[in-house]
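Asker: Any chance you can model this:
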Amino acid sequence: MKFSFIAFFFVLINASVTYPQKNFHIENAETLKLNFLSGLSTVSASIPFKEIIVKDYRFDTTKIGYITNGEINKIVLQGNSSFYFTKILNEYFQNNLNSSSDKSLLIILKTLWLQKGGSEYLKNRSIVTKSTLASTDDGLYFAELETFALTNNNYKALTKLDNIFLIDFYKPKKIKNFILQPFDSLIKKISEINVEPFLSKKRNITWNEIHAAYSKRFDLPILNQETSQKGIFLTFDDFKNNLTTHADFFIIETELSDDVYIGKGRSEKLLTDYWGFYDGYDYYIRIRIQSFQIAPTE
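Answerer: Here you go, the predicted model:
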């Protein structure tokens with residue numbers, strides 16, 4: 001097994017891996033800090049909101065992904081993530097907002113993640129922008145955003161965005177060119193909604209209801225229970241629910257693969273369809289024919 005640490009909460013986002021490398025501990029990645037960006041959106045559409053408020057309910061709010069810059073760097077924001085995006089989005093979309101409006105736009109961040117990647121991540125997902133995915137510079141930007149309109153302390157559900165954005169030149173010096181791409185798409189989508197009639201059909205929601213609803217996504221047995229039983233996680237749902245099977249499994253390591261076997265004697269067989277396992281000490285995720293250790297983020 002290759003001792004590569006994968007951010008635990010990233011596993012909960014989309015069950016994939018950033019940069020599994022032999023003998024590299026991703027928890028030791030260098031930091032690439034994003035300063036507050038400047039500039040205006042090229043989106044010409046206007047929206048009937050006076051301001052944008054961002055609240056971050058991602059599993060890992062300490063970073064937004066990883067990128068190579070000679071070595072692997074974790075991408076972190078300057079300051080609190082909710083404050084960071086609230087500040088830069090209000091400046092970035094200042095020509096799209098309506099200062100005379102009585103409404104504020106609340107954006108909930110459920111997923112916002114950057115990584116190198118390829119077509120294996122794109123099944124059954126909404127894909128935005130064109131890319132051949134032919135070069136080693138390709139990157140993926142996972143974005144799941146949900147929005148509410150706020151008026152007089154009452155919220156109403158507006159719309160959502162759940163896309164993967166393909167990045168042709170995924171390099172640190174280009175981050176400012178694509179970091180706000182999901183928000184451009186979101187503002188375009190909102191501009192196509194006849195907001196007043198649309199909201200008139202929606203019920204009022206309190207902030208406490210919204211907070212409680214999004215906080216529930218952290219209420220998972222794998223996060224809340226102290227440990228797991230040794231065994232195999234057959235599916236990602238099994239991992240989230242901390243459900244293991246085949247406690248008698250064993251592993252045979254080869255130069256090319258980590259082979260997991262279950263059963264004994266004549267009933268012994270190679271297990272080829274599983275999500276990961278807990279060996280009694282550490283958690284591992286299966287990536288193709290190898291196993292990589294995962295670890296919690298702070």
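Asker: Name the spans of the stretch 1-150 of the chain whose pLDDT lies under the cut-off.
Answerer: Along the stretch 1-150 of the chain, the model assigns pLDDT under 70 to residues 1-27, 69, 117-137.
Asker: got the residue ranges for the helices in the stretch 1-150 of the chain?
Answerer: Applying DSSP state H, counting those that start in this stretch to the stretch 1-150 of the chain gives helices spanning 8-14, 81-92.
Asker: Show me this structure divided up by domain.
Answerer: Recorded structural domains for the chain (assignment: automatic domain parsing) are 35-219, 222-295.
Asker: for the longest one, the distance to its chain's centre please.
Answerer: From the chain centre to the centre of domain 35-219 is a distance of 11 Å (Cα atoms, centre = their mean, to the nearest Å).
Asker: now do stretch 272-282
Answerer: Distance of stretch 272-282 from the chain centroid (Cα atoms, centre = their mean) equals 22 Å.
Asker: ok, and for it, which residues are buried?
Answerer: Neighbour-count burial for stretch 272-282, with 16 or more other Cβ atoms under 10 Å as criterion, is recorded at 274-279. For every residue, glycine as well, the C-beta is placed using N, CA and C.
Asker: Export it to CSV, keeping only CA atoms.
Answerer: In CSV, the C-alpha atoms belonging to stretch 272-282 read as follows (Å, rounded to 0.1, in the frame of the first residue of the first chain):
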residue,chain,number,x,y,z
THR,A,272,-12.4,-6.5,-6.9
ASP,A,273,-15.4,-4.4,-6.3
TYR,A,274,-15.2,-2.4,-3.1
TRP,A,275,-14.7,1.3,-2.0
GLY,A,276,-12.1,1.0,0.7
PHE,A,277,-11.2,-0.6,4.0
TYR,A,278,-10.2,-0.1,7.7
ASP,A,279,-7.4,-2.3,8.8
GLY,A,280,-7.9,-1.7,12.5
TYR,A,281,-5.5,1.3,12.5
ASP,A,282,-6.0,3.4,9.4
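Asker: Show me what the mean pLDDT comes to for it.
Answerer: Taken as a whole, stretch 272-282 has a mean pLDDT of 91.
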